[in-house]
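J.: just a sequence and a predicted model for now, questions to come.
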Amino acid sequence: MRRRILASIVGVTAIALLLLGVPLALSVEHLYANQEVLRLEREASEARGAINVAAMGTRDPIELHDDGSTRFAAYDGNGRRIAGSGPARADAVVQRALGGDTHDLTSGGRVVVALPITGNERVVGALRASRPASVVTDRTRRTWFMIGSIGFIALLVAALLARWQARRLTRPVDALVASAEQLGAGDFATRTHPSGIGELDHLGAALDRTADRLGGLVARERSFSADASHQLRTPITGLRVRVESALLSPDADLRAALEETLVPIDQLESTIEDLLALARDTHADRSPLDVARLLRDTEDAWHGRFAAAGRPLRVESDPAGGAPPVAEPAVRQVLEVLLSNALQHGAGVVTLCARSVAGAVVIDVGDEGRERLDPSRIFDRRVGRSNGIGLALARTLAEAEGGRLILDRPGPEPTFSLVLPLQPA
């Protein structure tokens, strides 16, 4: 890429210099030639003014003074040289002058100008002036050398600027490529640095957002995969106990025992699907949640388990409560964790109630346990009730929905509160 940028800029500059320099050089050559002709004509005109026209055709000599490089020659009306330095007979330029025209040309390496000499209103002769053409050539070459030098310097400056620009453009591109390779290798902490080039900075920002997104997805899935094992361990253990009890009992109805396992299997399958969907951050349905219906469904699912443990479950719902826009599977899993926690580690009556507060709906889960929990560590993994894993998972699910899970009352009679905002987070 650097070579292409360098070659493109240098090539465009060279073409521009040629398109401008060649016509300029030709124009300079033509200009210098015209200036030299005008100068020679002026000198010839001055020399012609010093000629005594009456003496032409007589034996009186005509004096013409050469100045070294410039030579003068006088011709009579018949084209014969009568004074000065030049061809013995009139050449083409002198013939034109004898015809009454001022003429110039380059001949024999010299610039030649011829002026007519008039007397009594007629052409009686011609004055020829010549100077070496090397005067024009040398001056033109010096100017061409200056033009070429300026062009070379411009081309060199363009090459240096092109090299600097190529490095400026390719360095952030190389950095983006390296970041993309690191991202592809699983390094989601890689970040790009601003380059000052708007388009590349936009690309880098998009790559950073992609890294954040992928890192969040992978971290969330890993965390969910680790934490969900605890969430699934209890129903799997209960299912295993049922099957082993049926196998060990000689009078057990195996068909009925297998049919009883279908309900916890369905619940287990639903839990796995919900956790996987939330872990992969799929587009969950976040339509307004009917909190009262969710509490009724939760009561139906947990009433039997609390009754089997000899503990009552009381469910209360505020009929005027709002409908928060959250994913129902996430809220259901949070309640699963809190109720399972109360069943295994709590005591007495378990209360599940929903109430309205300013801009949110709060779902409280409490029991009559006498222990006092540590609010600063209860949600840490492997700390506190349920080894902390289930509560850490529940808090993660709540925060993913824009809500909060807090320990509202540490104890005795600890109470957890799930706060769900009525406006989308």
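T.: Everything's here; your move.

J.: which helix or strand contains residue 213?
T.: Element membership of residue 213 [criterion: DSSP states H and E] is helix 198-248.

J.: that helix - what's its average pLDDT?
T.: Mean per-residue pLDDT for helix 198-248: 71.

J.: what separation do you get for the residue nearest the centre of the chain and residue 7?
T.: The centroid of the chain falls nearest to residue 200 when counting by CA atoms, centre = their mean (2.0 Å). In this view, residue 200 and residue 7 are 21 Å apart by CB to CB, to the nearest Å. For the C-beta atoms, the positions are set from N, CA and C on the backbone; glycine is no exception.

J.: picking up where we left off before, the residue nearest to the centre of the chain and residue 174 touch, don't they?
T.: No: the criterion here is CB atoms under 8 Å, and residue 200 misses it with residue 174 at 10.9 Å.

J.: the strands in the protein, which residues?
T.: When secondary structure is read from DSSP state E, the chain shows strands at 71-76, 81-84, 103-107, 110-119, 122-132, 313-317, 350-357, 360-366, 404-409, 415-421.

J.: averaging pLDDT over each of these, which comes out lowest?
T.: Minimum mean pLDDT among those: strand 103-107, a mean of 75.

J.: that one to strand 122-132, inter-axis angle?
T.: In terms of direction (axes from the mean of the first three to the mean of the last three CA atoms, to 10 degrees), strand 103-107 departs from strand 122-132 by 30 degrees.

J.: buried sites along strand 103-107?
T.: 103-104 (16 or more other CB atoms under 10 Å).

J.: got the CA coordinates for it in CSV?
T.: What follows is strand 103-107, C-alpha atoms only, in CSV (Å, rounded to 0.1, in the frame of the first residue of the first chain):
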residue,chain,number,x,y,z
HIS,A,103,13.1,40.3,-42.1
ASP,A,104,15.0,37.9,-39.7
LEU,A,105,16.1,34.3,-39.6
THR,A,106,18.6,32.0,-38.1
SER,A,107,21.3,30.8,-40.5
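
J.: neighbouring strands - and their directions - for that strand?
T.: strand 110-119 (antiparallel) (DSSP bridges).

J.: can you list the buried residues in the partner strand?
T.: In strand 110-119, counting by 16+ other CB under 10 Å, buried: 110-117.

J.: residue ranges with poor pLDDT in the stretch 51-200 of the chain?
T.: By pLDDT under 70, the low-scoring segments of the stretch 51-200 of the chain are 53-61, 63, 66, 188.

J.: how about the helices in it?
T.: 92-98, 134-184, 198-248 (DSSP state H, counting those that start in this stretch).

J.: out of these, nearest to residue 12?
T.: helix 134-184 (8.3 Å; CB to CB).

J.: what's that closest one packed up against?
T.: Applying 3 or more CB pairs under 8 Å, 6 or more residues apart in numbering; DSSP states H and E, we find helix 134-184 packed against helix 2-49, helix 198-248.

J.: of all those, which one comes closest to residue 317?
T.: helix 198-248 (24.7 Å).

J.: distance from stretch 409-416 to the middle of the chain?
T.: 53 Å (CA atoms, centre = their mean, to the nearest Å).

J.: going forward, the N-terminal residue is numbered 268.
T.: Got it, the first residue is 268 from now on, which makes the last one we talked about stretch 676-683.

J.: ok, residues contacting that stretch?
T.: Defining contact as CB atoms under 8 Å, 6 or more residues apart in numbering, one finds that stretch 676-683 is touched by 605, 608, 613, 618, 631-642, 672-675.

J.: how many neighbours does residue 633 have?
T.: Counted by other CB atoms under 10 Å, the residues lying close to residue 633 total 23.

J.: follow-up on the earlier one: pull out the buried members of the contacts of stretch 676-683.
T.: 605, 608, 613, 618, 631-636, 640, 672-675.

J.: tell me which two of these sit farthest apart.
T.: Maximum pairwise distance among these (CB to CB): 20.7 Å, between 635 and 672.

J.: what residues go with each domain of this protein?
T.: For the chain, automatic domain parsing gives the domain ranges 269-407, 454-549, 551-688.

J.: and residue 446, which of these is closest to it?
T.: domain 454-549 (4.9 Å).

J.: surely residue 406 and residue 296 touch.
T.: No: applying CB under 8 Å as the test, residue 406 and residue 296 come out as separate, 9.3 Å apart.

J.: how close does the nearest residue in space to residue 315 that is not next to it in sequence sit to residue 368?
T.: Of all residues beyond its chain neighbours, the one nearest residue 315 is residue 394 (4.7 Å), with distances taken as CB to CB, 6 or more residues apart in numbering. Distance, residue 394 to residue 368, using CB to CB: 13 Å.

J.: still on that earlier bit, let me have the helices and strands packed on helix 401-451 in a markdown table, extended by distance to residue 341.
T.: What follows is the helices and strands packed on helix 401-451, written out as a markdown table (distance: least, CB to CB, whole Å):
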| stretch | distance to residue 341 |
| --- | --- |
| helix 269-316 | 9 |
| helix 465-515 | 77 |
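
J.: export the domains of the chain as JSON lines, with columns for distance to residue 413.
T.: What follows is those, written out as JSON lines (distance: least, CB to CB, whole Å):
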{"stretch": "domain 269-407", "distance to residue 413": "10"}
{"stretch": "domain 454-549", "distance to residue 413": "38"}
{"stretch": "domain 551-688", "distance to residue 413": "74"}
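
J.: among those domains, which is the most enclosed?
T.: domain 551-688 (a mean of 18; mean count of other CB atoms under 10 Å).

J.: roughly how far out does that domain sit from the chain middle?
T.: The answer for domain 551-688 is 46 Å, by CA atoms, centre = their mean.

J.: do the same with stretch 303-323
T.: Counting by CA atoms, centre = their mean, stretch 303-323 comes out at 74 Å from the chain centroid.

J.: one more: stretch 277-292?
T.: Here stretch 277-292 is found 34 Å from its chain centre; the criterion is CA atoms, centre = their mean.

J.: try stretch 443-456
T.: With CA atoms, centre = their mean, you get 16 Å for stretch 443-456.

J.: contacts for it?
T.: 457-459, 467, 470-471, 474, 477-479, 481-482, 485-486.

J.: buried residues, it. List them.
T.: For stretch 443-456, the buried set under the neighbour-count rule, 16+ other CB under 10 Å, comprises 443, 446-447, 450, 455.

J.: redo those residues as TSV? Include distance to residue 308.
T.: Putting the buried residues of stretch 443-456 into TSV (distance: CB to CB, whole Å) gives the following:
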residue	distance to residue 308
443	69
446	74
447	74
450	79
455	85
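
J.: thank you, goodbye.
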